[in-house]
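Enquirer: Give me a 3D structure for the following:
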Amino acid sequence: MVQNSSFSYRQLCGDNGLMVIVPHEDDEINLAGALIYGARKEGVPVKCVFITNGDAEYPASVRFREAIQSLAILGVKEEDIIFLGYPDGGRYGERSVFLHSRDEIVKAGAYGHTYGISMHPDFAAQETGKSHECTWDNLLDDMEDVIKKYGPSVIAACDFDYHPDHRMCYLAFTEVMNRLLHKETHYRPLILMGYCYTTGFDSVSDFYGRHLLSTVVNRGTLRNKHFETENPSYDWGRRVRLPVMHECRTWLSENVLFHALCAHLSQKALRRAVKLVNGDEVFWLRRTDNLAYEGMMTASSGNPDYLDDFHMINTKDIISEEPALDDYLWIPEENDKEKWCQCTFSVPQHVEAITLYGNVKSGQRILRGIVSFSNGNSFEAGPLAENGKQTLITFPAQDNVSWIRFQILEMEGEHAGVSEWEIFKSLRMDAEPQVLQITMDGNFAYDWHAYPGENPHIGVYRHGISGEIEWTLNGKPCSHEEIEKKIRKTANPFVIRASMAGNPGIFSEIEVKPAEVTDRLRHLFNTGKDQLAVWWENQREKYPHHQLRKFKK
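Expert: Numbering: from 1, shown residues only. Here you go, the predicted model:
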């Protein structure tokens, strides 16, 4: 359990644990280092799956050993590390199985089959005794098989970062989930999509400020400046923020994430710690309890298969800075005067909400529509959110629903349509993370030194819970306004606790201390001491890194 919080990794990850799916060895930390460590600290089983061998510059044997050492620091057992064994596609996708045939990959200098090392054969060889040819279809099959074999309760997977292999990982994972959710009717894992670059590798170097801040996007590194992240369908305000263990947010010289990064010597990964270490870890939730997977999609025209294929975006181009996104939208034909899509159920359903995602391009969206139910009820909907972001439509609960129809009444642009249609029995998924965390100016707070002149706004972040918040100050009931006044005039340490009304077991508690001169001097001293330790670690790595470069391709 995170210190002074009811948040639990064990509760989050359920009985079958966590699986992390990433493209390269070192991305496990970029994507989910704190999640992995927290889960293992609470005894949750963790499987880490690497889809490529990271062998574009260094041999797979180097990258494998670094990953094994790094994950051991985070608490993951060696036997729980899985290498699918596909080639690193390279910075420009020159060896990517998404873009090229097996023969083209071989000409580019990669193996034509998956491979591992003596102690760690690739997944296909381990399972069947024979490696797979390096093809896109085989990659999809292997990823599907590894998920089916272990059936994790939670999957954290790489999203649409700008590196070709990261984009390939995202596209492979969404296609595999499309297959699984239609075939495996009882398997509904919690899916956490996140970035390795946007919120980690390329985030802001903000570690040494007065306060440990929460994760942000460095907009200067975004490839497409029009969007909040590299995936236009994500709303930054809807991100899921997870608290992190004390060992993941302490000074870098003592920080478990820093030491795990140091293990990736070939990548000089320790230099990213000032960007990676924050007060929260950020993901986007993809719900899998979508009733559409249990129904049959039809439409007046256009391809209804796009409506429930788990692809919010899609592309055949993983190289361009701003790739064209296509092959993911249900769009009715121009001469279609009805413009409807329908989900029909073999067993009547209880429905409380639907969500619609549209075209990510500006000026191409549905402005007005109507949702109709088999019971005769109907509700207007629209306009859909810009850039294909989520549009949530709620209504009084509908029972015994045999079919739902969505009809477009008004649209702008020739390519307005729906990328995903989600139908839910309830507003929240049963397995959603339950997070309640006190914030200062929006940043997750664990302990807080109040400096003169600062007037932070105290609030809470919550996910998966609803209701009133009850506050206490030093154990006594107190209003939010009184606490904010107290922090601005504080002369003595005090403890703030926020809990859910009627459910005090869901809580967050922090200690606030006035930052006296000695505290400020101590912070400056510790900052200098820590920076010196990090510098020394960097110097210490130079010789072994120089030696390692002899193996560089």
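
Enquirer: going forward, measure contacts between C-alpha atoms and count neighbours the same way
Expert: Noted.

Enquirer: Tell me which residues touch the closest residue in space to residue 268 that isn't next to it in sequence, please.
Expert: Spatial nearest neighbour of residue 268, chain neighbours left out: residue 262 (7.2 Å); criterion: C-alpha to C-alpha, 6 or more residues apart in numbering. By C-alpha atoms under 8 Å, 6 or more residues apart in numbering, residue 262 lies in contact with 70, 268-270.

Enquirer: how close does residue 262 get to residue 457?
Expert: Separation of residue 262 from residue 457 (C-alpha to C-alpha, to the nearest Å) stands at 36 Å.

Enquirer: swap in residue 185?
Expert: Per C-alpha to C-alpha, residue 185 is found 45 Å from residue 457.

Enquirer: okay, those two: which has more neighbours?
Expert: Between residue 185 and residue 457, residue 457 has the larger neighbour count (other C-alpha atoms under 10 Å), namely 15 against 11.

Enquirer: was I right about that one contacting residue 440?
Expert: Yes. Residue 457 lies in contact with residue 440 (C-alpha atoms under 8 Å); the separation is 5.6 Å.

Enquirer: Show me what residue 394 bridges to in the sheet.
Expert: Residue 394 forms beta bridges with residue 353, as assigned by DSSP bridges.

Enquirer: Please work out how many residues are found near it.
Expert: Look at residue 394: counted by other C-alpha under 10 Å, it has 15 neighbours.

Enquirer: and it, what does it touch?
Expert: Taking C-alpha under 8 Å, 6+ apart, one finds 352-354 in contact with residue 394.

Enquirer: next one: residue 314
Expert: 171, 325-328.

Enquirer: Tell me the spacing between it and residue 173.
Expert: The gap separating residue 314 from residue 173 is 12 Å, by C-alpha to C-alpha.

Enquirer: Residue 62 too?
Expert: Noted for residue 62: a distance of 26 Å to residue 173, by C-alpha to C-alpha.

Enquirer: More neighbours: which of those two?
Expert: Taking other C-alpha under 10 Å, residue 62 and residue 173 do not tie; residue 173 has more neighbours (23 against 20).

Enquirer: can you map out the helices along the stretch 201-350 of the chain?
Expert: Secondary structure of the stretch 201-350 of the chain (DSSP state H, counting those that start in this stretch): helices at 256-262, 273-276.

Enquirer: what ranges do the helices span in the chain?
Expert: All helices of the chain, identified by DSSP state H, fall at 9-13, 27-41, 60-74, 102-107, 123-128, 136-150, 164-183, 256-262, 273-276, 480-488, 517-548.

Enquirer: Adding mean pLDDT and distance to residue 231 as columns, could you present those helices in JSON lines?
Expert: Below are these laid out as JSON lines (pLDDT from 0 to 100; distance: least, C-alpha to C-alpha, whole Å):
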{"stretch": "helix 9-13", "mean pLDDT": "94", "distance to residue 231": "25"}
{"stretch": "helix 27-41", "mean pLDDT": "98", "distance to residue 231": "15"}
{"stretch": "helix 60-74", "mean pLDDT": "97", "distance to residue 231": "27"}
{"stretch": "helix 102-107", "mean pLDDT": "96", "distance to residue 231": "28"}
{"stretch": "helix 123-128", "mean pLDDT": "97", "distance to residue 231": "29"}
{"stretch": "helix 136-150", "mean pLDDT": "98", "distance to residue 231": "21"}
{"stretch": "helix 164-183", "mean pLDDT": "97", "distance to residue 231": "10"}
{"stretch": "helix 256-262", "mean pLDDT": "98", "distance to residue 231": "26"}
{"stretch": "helix 273-276", "mean pLDDT": "96", "distance to residue 231": "20"}
{"stretch": "helix 480-488", "mean pLDDT": "88", "distance to residue 231": "36"}
{"stretch": "helix 517-548", "mean pLDDT": "92", "distance to residue 231": "33"}
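
Enquirer: Among those, which comes closest to residue 116?
Expert: With C-alpha to C-alpha as the criterion, residue 116 lies closest to helix 60-74 of the helices of the chain, at 7.3 Å.

Enquirer: Which elements pack onto that closest one?
Expert: The contact analysis (3 or more C-alpha pairs under 8 Å, 6 or more residues apart in numbering; DSSP states H and E) places helix 60-74 against helix 27-41, helix 256-262.

Enquirer: nearest to residue 225, of these?
Expert: Nearest of the helices and strands packed on helix 60-74 to residue 225, taken as C-alpha to C-alpha: helix 27-41 at 21.6 Å.

Enquirer: Next up, the contacts around residue 338.
Expert: Counting by C-alpha under 8 Å, 6+ apart, residue 338 touches 300, 407-408.

Enquirer: and the residue minimising distance to the centre of the chain, bridged to which residues?
Expert: Residue closest to the average C-alpha location in the chain (C-alpha atoms, centre = their mean): residue 194, at 2.2 Å. Beta bridges link residue 194 to residue 158 when assigned by DSSP bridges.
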